[in-house]
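Visitor: Requesting a structural model of the entry that follows:
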Amino acid sequence: MLRTIEVGGRIRYRVGVIAKPISNWEVGAGLASGGDDPRSTNQTMQDAFSTKGIQLDYAYAQYTHGNTGLKAIAGKFKRKKYLWAPTDVMWDGDINPEGVAMSFAPKGGPLWLNAGILVLEEDKTSTGGDHDSHMGYGQVGTKFKSGKMYGKLAGTVYTFGKMKAAGSSDYTGAAGTNTDNNLGSFNLAGEIGTKVGAGKFALVGEYINNYETNTNEDTAWNCRLQV
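Guide: Numbering: from 1, shown residues only. Prediction:
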C-alpha cells in the first residue's frame, strides 16, 4: 500500500521574458509554479513525487508616452507600478490583476495618478462583456524626500460592477470573507521612513472603508513598523 506523505517543504519557480520590440513599447510574459490560488506560487512537496503545476503569471503589452511620465498597460500584469498598496490589507503581493490600467507620474514631480478597469469574472452567456464582473479604481498620491527622510500618501476609490450578474459565480460571499457583494470602498495609505545605514526604517499603514455595504463589517486597517 502506497501512502501519500506530506513533507514540510515547499518549492517555487518563476521565469519570464520582457522585450521592447519597438520604441515606447514593452511586452512581457512569465510562468510560475502554483495552481488556481492567485495569492501563492508555492508548491508543497507531497503526493508521492507528483508533477507540479505551472501557470501563466503575467502577459502584457505596455506603452510609454515619451518622457511625460504617462504609461498604459493591458493584459495580466504586475500591479505595483499601476496601483500603490504598501500592505496586504487589500492586495496580496502575489496577485497580478487582469485588465487595463494607466499611470501618470511626471519625473521630478510629487504627484501621481493611477486608474484601471480590471476583469474579475467572465459571464459566457453575455455578448461583448456586458455582464462581466469587474472592478475599477482611481488613485491620487503624493511623495516627498528630504535628506534621509521620505514619505508617501495616497487615496484610492474602488468601484465594482455586475457583481450580481446572471451566470457569474458569487465568489464574494465565501465563508470567512465578505458578508455581501457590495464592495465599493475608499482606501487611505501612507508610508514615512528614513534611511538607516544600508537599509530603511519605516512606519507603514493602510485604512479601508466599505461605504457601499449594508453590514457593520465595513472597515479594515493595517499598521506596522518595518526594516
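Visitor: Quick check: buried residues in the helix or strand of the chain with the lowest mean pLDDT?
Guide: Ranked by mean pLDDT, DSSP states H and E, the weakest helix or strand in the chain is strand 42-44, scoring a mean of 73. Using 16 or more other Cβ atoms under 10 Å as the test for burial, strand 42-44 gives Gln43. (Glycine included, C-beta is placed from N, CA and C.)
Visitor: Dump the C-alpha coordinates for the helix or strand following it into CSV.
Guide: Helices and strands here follow DSSP states H and E; after strand 42-44, the next one along the chain is strand 54-65. Below are the C-alpha coordinates for strand 54-65, written out as CSV (Å, rounded to 0.1, in the frame of the first residue of the first chain):
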residue,chain,number,x,y,z
ILE,A,54,2.9,25.7,-14.0
GLN,A,55,0.6,28.7,-14.6
LEU,A,56,0.6,31.9,-16.7
ASP,A,57,1.9,34.5,-14.2
TYR,A,58,1.7,37.6,-16.4
ALA,A,59,1.3,38.5,-20.1
TYR,A,60,1.0,42.2,-21.1
ALA,A,61,1.7,45.0,-23.5
GLN,A,62,2.8,48.4,-22.1
TYR,A,63,3.1,51.8,-23.9
THR,A,64,5.2,54.7,-22.5
HIS,A,65,4.4,58.1,-23.9
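Visitor: Parallel or antiparallel, list what pairs with strand 54-65.
Guide: Taking DSSP bridges as the criterion, strand 54-65 pairs within the sheet with strand 25-33 (antiparallel), strand 70-76 (antiparallel).
Visitor: Reformat those as JSON lines; add mean pLDDT and mean neighbour count.
Guide: Listed next are the strands paired with strand 54-65 as JSON lines, based on pLDDT from 0 to 100; neighbours: other Cβ atoms under 10 Å:
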{"stretch": "strand 25-33", "mean pLDDT": "93", "mean neighbour count": "17"}
{"stretch": "strand 70-76", "mean pLDDT": "97", "mean neighbour count": "18"}
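Visitor: Great, nothing more from me.
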